[in-house]
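Visitor: need a structure here:
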Amino acid sequence: MSEHADDAGTPAIVTHHTRIGVRHVGRRVVAERLLARLLDHPYPVLAPHGGRLIVAADPVEVVRGPDVWDALAMPRVDGARPPAGGWIGLLGYDLGGTVESLPVPLPDTGGPPVAVMGRYETVAAIDARGSCEILAAGSPRAAAELARLAERCEDPIVIRGGDFGGSVASSLPSCAYQERVQRIREHIRAGDCYQVNLAQRLRAPWSGSPLEFAARLWAAAGPSSHRGFMGLPEGTLVSASPERLVAVHRGVAYSEPIKGTAPAGAAGMLAASPKDRAEHVMIVDLVRNDLGRVARAGGVSVPDLCVPLRTAYVEHLVSRIRAELAPGVTPREVLRAMFPGGSVTGCPKVRAMEVIRDLEPVSRGPAYGSLVVVGPDHSIESSVLIRTAWLARGEARYWSGGAVTWDSDPVAEQREAMDKAAPFERAIVGGVV
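Guide: You can find the predicted model right below:
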């Protein structure tokens with residue numbers, strides 16, 4: 001299904017550049033202030049691309065549901081200033097059913113569409129110094145308006161606070177979570193699968209501004225490579241993900257799966273854990289296989305394996321897989337090969353997703369899918385939507401979990417799932433790290 005906006009303007013490459021940050025205002029502050037000024041516009045977004053934070057609104061076209069795959073089969077446009085003129089949006093976890101033959105997903109009452117992508121002809125790209133460049137592949141008037149808003153980003157913004165009036169509830173309270181871990185171990189013992197990523201959904205009241213919640217979540221999570229925001233008619237997606245699904249630049253793809261977790265400050269324990277390393281290597285092999293579907297023969301390598309990744313609330317292991325893409329591969333083919341990310345399914349991927357459908361009592365909604373930016377030059381930056389919340393109808397939802405293997409201890413797995421929920425709980429009550 002496609003929606004078209006009026007007055008898209010005459011296609012052209014128009015660039016406006018303005019420097020922000022003369023008072024040493026950083027990239028994240030500039031991005032959040034500009035996003036605040038776009039909240040009353042249709043489909044406001046914030047996402048990384050090419051080492052910069054992209055902020056935009058007012059897409060000239062919106063596509064929903066499985067039709068997003070057709071949009072991402074876009075022809076390549078050389079000479080463009082990416083990502084202006086490209087697509088930005090959400091691929092929800094359940095879109096995986098259009099890639100593989102899977103059971104019918106659970107209904108997601110109050111959730112977002114399974115997928116939604118907007119084509120943004122005008123975007124603001126903010127670099128690490130807080131310098132803001134307005135890129136446009138359409139209406140000069142739209143570029144001038146976005147530039148006007150960007151020039152005001154030195155001025156602070158005031159956001160109404162949230163109203164938290166209740167407790168956080170889980171779809172899998174501790175005993176239920178532990179029971180699901182044991183059932184997965186039984187699947188593994190029977191040789192049915194090797195690893196399954198189990199998740200719970202947390203819910204809490206939230207009636208404040210989506211941007212106030214986002215600022216709290218981002219502060220509580222600390223620096224994250226793939227923070228994201230997307231406002232939809234149905235609600236708002238907010239993510240503090242540290243994980244890359246896939247990036248593509250000049251015909252080379254990179255994926256950086258995260259797997260293996262320990263409490264904050266326990267990096268040494270994680271590095272010495274045979275269980276976490278085995279869990280991680282399984283997923284690296286899965287991602288190598290996924291990238292191999294779109295790579296040239298012999299073009300997949302692993303430059304970095306099991307590298308420590310520290311966050312404010314847990315320690316992780318991350319690897320980097322590189323693939324030289326085969327000629328003519330489109331963004332659609334790359335994303336379908338990778339989707340959903342192996343780190344949030346398990347392996348074998350299809351069987352793990354079948355077990356997830358059987359054991360998780362509620363939909364994953366937007367979580368464990370991807371927030372995707374695709375440029376007209378076929379560049380891609382996409383996250384794995386972990387540490388992700390959905391705000392709608394006076395409620396905040398957040399998903400957290402972890403990989404279960406034969407060596408998993410049910411109590412430890414449930415504790416890990418709650419450790420990963422720390423940014424959400426701190427955002428809800430207003431505390432930060």
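Visitor: use CA for all of it now, contacts and neighbours both
Guide: Will do.
Visitor: Tell me where the stretch 301-433 of the chain has strands.
Guide: Assigned by DSSP state E, counting those that start in this stretch, the stretch 301-433 of the chain shows strands spanning 314-325, 346-347, 370-374, 380-383, 388-392, 395-404.
Visitor: who wins for proximity to residue 31 among those strands?
Guide: strand 370-374 (16.1 Å; CA to CA).
Visitor: Next, the buried residues of that closest one.
Guide: Buried residues in strand 370-374, counting neighbours by 16 or more other CA atoms under 10 Å, are found at 370-374.
Visitor: Same question for stretch 87-103.
Guide: For stretch 87-103, using 16+ other CA under 10 Å, the buried residues are 87-97, 99.
Visitor: Ignoring the adjacent residues along the chain, who's closest to residue 69?
Guide: Among residues not flanking residue 69 along the chain, residue 332 sits closest, at 5.9 Å (CA to CA, 6 or more residues apart in numbering).
Visitor: which one of the buried residues of strand 370-374 sits closest to residue 245?
Guide: Closest approach to residue 245 among these (CA to CA): residue 370, at 7.3 Å.
Visitor: Give me the below-cutoff pLDDT ranges for the stretch 51-200 of the chain.
Guide: For the stretch 51-200 of the chain, the stretches flagged by pLDDT under 70 are 154-166.
Visitor: in it, which spans are strands?
Guide: 52-56, 61-64, 86-91, 115-120, 122-126, 132-136, 169-170, 195-205.
Visitor: Dump those to JSON lines, plus distance to residue 143.
Guide: Formatted as JSON lines, the strands of the stretch 51-200 of the chain follow (distance: least, CA to CA, whole Å):
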{"stretch": "strand 52-56", "distance to residue 143": "11"}
{"stretch": "strand 61-64", "distance to residue 143": "17"}
{"stretch": "strand 86-91", "distance to residue 143": "15"}
{"stretch": "strand 115-120", "distance to residue 143": "11"}
{"stretch": "strand 122-126", "distance to residue 143": "6"}
{"stretch": "strand 132-136", "distance to residue 143": "6"}
{"stretch": "strand 169-170", "distance to residue 143": "44"}
{"stretch": "strand 195-205", "distance to residue 143": "38"}
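Visitor: Those strands: which one's closest to residue 306?
Guide: Across the strands of the stretch 51-200 of the chain, closest to residue 306 is strand 195-205 (CA to CA), at 17.5 Å.
Visitor: isn't residue 213 right up against residue 427?
Guide: Yes: under the criterion of CA atoms under 8 Å, residue 213 makes contact with residue 427 at 6.4 Å.
Visitor: Can you give me the buried ones in stretch 325-338?
Guide: 325-326, 330-332, 334-338.
Visitor: Now do the contacts for the spatially closest residue to residue 261 that is not a sequence neighbour.
Guide: Counting by CA to CA, 6+ apart, residue 261 lies nearest to residue 316, which is 4.7 Å off, once chain neighbours are set aside. Going by CA atoms under 8 Å, 6 or more residues apart in numbering, residue 316 touches 258-262, 267, 270, 308-310.
Visitor: again, only this time at 10 Å
Guide: 242, 258-264, 266-267, 270-271, 276, 280, 306-310 (CA atoms under 10 Å, 6 or more residues apart in numbering).
Visitor: can you give me the helices for this protein?
Guide: Along the chain, the stretches classed as helices by DSSP state H are 27-36, 68-71, 140-150, 174-189, 210-221, 267-271, 274-292, 331-338, 349-359, 410-419, 422-429.
Visitor: so can I have TSV of those showing distance to residue 83?
Guide: Below are the helices of the chain laid out as TSV (distance: least, CA to CA, whole Å):
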stretch	distance to residue 83
helix 27-36	16
helix 68-71	15
helix 140-150	14
helix 174-189	41
helix 210-221	23
helix 267-271	37
helix 274-292	23
helix 331-338	13
helix 349-359	31
helix 410-419	35
helix 422-429	30
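Visitor: Which one, of those, ends up nearest to residue 202?
Guide: helix 422-429 (8.8 Å).
Visitor: So which bits of that closest one are buried?
Guide: Using 16+ other CA under 10 Å as the test for burial, helix 422-429 gives 422-428.
Visitor: Beta-bridge partners for the residue nearest to residue 261, please?
Guide: For residue 316, the beta-bridge partners are residue 261, residue 309 (DSSP bridges).
Visitor: And for residue 399?
Guide: residue 201.
Visitor: I figured residue 323 was touching residue 253, is that so?
Guide: Yes: under the criterion of CA atoms under 10 Å, residue 323 makes contact with residue 253 at 5.1 Å.
Visitor: what's the overlap in contacts for the two?
Guide: Counting by CA under 10 Å, 6+ apart, the residues touching both residue 323 and residue 253 are 291, 294-295, 300.
Visitor: so which pair among these is furthest apart in space?
Guide: Pairwise over the shared contacts of residue 323 and residue 253, using CA to CA, the maximum falls at 294 and 300, 9.8 Å.
Visitor: I appreciate the help and will end here.
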